[in-house]
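**Q** need a 3D model of the sequence below.
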Amino acid sequence: MSEKATAVSIRVGSIFVLIAIWYLASTLMADAEVLPGPLAIAYAIWGVLAEPGPEGNSAYFHMGITLGRTFITFGVAMLLGIAIGLAMGLRKTIEYSMMSLIPLALTMPTILMVFLAVMWFGFNEIGSLVAVVGVVTPYVAVNIFQGAQAMDKSVIDMAKVFRADKRMLIRKVYVPQLLPYIFSAFRFSFGMTWKIVALAETFGIKYGIGYMFFFWFEQFNMELVLAWIIMFVILMLILEHGVFARLEHAAFKWRPANKLQT
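**A** Numbering: from 1, shown residues only. Purely as a prediction, here's the structure:
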């Protein structure tokens with residue numbers, strides 16, 4: 001058996017082991033409403049996908065809302081983080097000024113940042129955007145800053161000798177050298193973003209998967225709470241491993257190791 005097949009077998013096997021433990025725990029527990037079994041959750045997921053939910057909105061509507069918020073806030077946080085990190089790597093004055101602020105943002109608990117954002121800007125799209133930017137941007141900036149420090153300065157100097165303008169420097173020199181760090185920040189930050197968006201929705205932002213978590217939590221319907229959680233995790237795993245992993249492979253296909261730096 002090849003290494004790839006072995007890895008797939010172990011991953012699938014671990015999922016079945018987890019389901020078996022879940023089944024045993026739900027069977028041994030006296031109150032099935034507290035911990036429903038896998039089969040009950042599977043039926044609940046089918047019902048959520050097949051029928052309209054509260055207020056007549058389907059599961060696909062709420063998934064679309066959460067995905068939209070995730071992609072928009074993630075895009076803004078990534079662009080800001082890349083710009084700040086690159087500026088820190090190229091300008092010492094910016095590095096000195098930002099390095100006194102970024103540690104403050106990095107040490108801020110995520111739940112506190114989300115709480116402050118929705119309290120200051122309301123339970124709306126602006127609140128979720130500020131929460132994501134406040135948490136994710138510093139991580140991206142630090143990653144890109146490390147990449148900027150590791151860039152081959154001789155290549156930059158050579159490009160300047162040939163009078164390359166700023167646009168050409170960014171496209172032909174900076175971006176190719178920063179690409180591994182960008183993808184590393186991309187994968188890590190996306191995972192953070194969808195969790196923050198779901199948390200902000202749970203706090204009270206109208207519609208979305210997190211909103212449905214809290215709705216069914218208030219009804220103490222554990223079947224539907226777990227059903228929404230599992231659907232949410234599956235959706236994001238499909239995006240991370242089915243979409244972003246393919247983008248990473250395509251971007252680094254030319255590299256022998258085909259792996260990101262971290």
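**Q** tell me the pLDDT of residue 47.
**A** pLDDT recorded at residue 47 is 90.
**Q** got any ranges where this protein has weak pLDDT?
**A** Filtered on pLDDT under 70, the chain yields the residue ranges 1, 30-31, 156-157, 160-162, 164, 248-262.
**Q** now do the buried residues in the longest helix along it.
**A** Ranked by residue count, the top helix of the chain under DSSP state H comes out as helix 59-90. Neighbour counts using 16 or more other Cβ atoms under 10 Å place 59, 62-63, 65-67, 69-70, 72-74, 76-78, 80-82, 84-89 of helix 59-90 among the buried residues. Heads up, the C-betas are built off the backbone N, CA and C, glycines and all.
**Q** with stretch 88-102 instead?
**A** Under 16+ other Cβ under 10 Å, the buried positions of stretch 88-102 are 88-89, 94-95, 98, 102.
**Q** just flag the most distant two among these.
**A** 89 and 102 (13.1 Å; Cβ to Cβ).
**Q** picking up where we left off before, of the buried residues of stretch 88-102, closest to residue 204?
**A** For those, the nearest to residue 204 is residue 102 (29.1 Å; Cβ to Cβ).
**Q** find the nearest non-adjacent residue to that closest one, please.
**A** residue 138 (4.8 Å; Cβ to Cβ, 6 or more residues apart in numbering).
**Q** and if you look at residue 115?
**A** Residue 115 sits nearest to residue 203 (Cβ to Cβ, 6+ apart), 7.0 Å away.
**Q** so who does the one you found touch?
**A** Residue 203 sits next to 114-115, 118, 123, 210, 214 when contact means Cβ atoms under 8 Å, 6 or more residues apart in numbering.
**Q** pick out whichever of the residues you listed sits closest to residue 189.
**A** Ranked by distance to residue 189 (Cβ to Cβ), the contacts of residue 203 are led by residue 114 at 15.6 Å.
**Q** now that closest one. Nearest residue, chain neighbours left out?
**A** Distance criterion Cβ to Cβ, 6+ apart; nearest residue to residue 114, sequence neighbours excluded, is residue 131 at 4.4 Å.
**Q** quick check: buried residues in the helix or strand harbouring residue 235?
**A** Assigned by DSSP states H and E, residue 235 belongs to helix 222-237. For helix 222-237, burial by neighbour count (16+ other Cβ under 10 Å) applies to 222-229, 231-232, 235-236.
**Q** counting by contacts, list what it packs against.
**A** Counting contacts by 3 or more Cβ pairs under 8 Å, 6 or more residues apart in numbering; DSSP states H and E, helix 222-237 is packed against helix 38-50, helix 59-90, helix 175-202, helix 209-218.
**Q** want to throw those into JSON lines with distance to residue 166?
**A** Output for the helices and strands packed on helix 222-237, formatted as JSON lines (distance: least, Cβ to Cβ, whole Å):
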{"stretch": "helix 38-50", "distance to residue 166": "50"}
{"stretch": "helix 59-90", "distance to residue 166": "11"}
{"stretch": "helix 175-202", "distance to residue 166": "12"}
{"stretch": "helix 209-218", "distance to residue 166": "41"}
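**Q** what is the burial count for the closest residue in space to residue 77 that isn't next to it in sequence?
**A** Nearest non-adjacent residue to residue 77, counting by Cβ to Cβ, 6+ apart: residue 136, 3.9 Å away. Neighbours of residue 136 under the rule other Cβ atoms under 10 Å: 28.
**Q** ok, back up a step: so what does the host helix or strand of the residue nearest to residue 114 touch, helix or strand wise?
**A** Residue 131 is part of helix 125-149 when elements are defined by DSSP H and E. If you count contacts as 3+ Cβ pairs under 8 Å, 6+ apart, helix 125-149 packs onto helix 59-90, helix 102-107, helix 110-121, helix 175-202.
**Q** only the buried residues of the second one, if you could.
**A** Residues 102, 105 are the ones in helix 102-107 that count as buried (16+ other Cβ under 10 Å).
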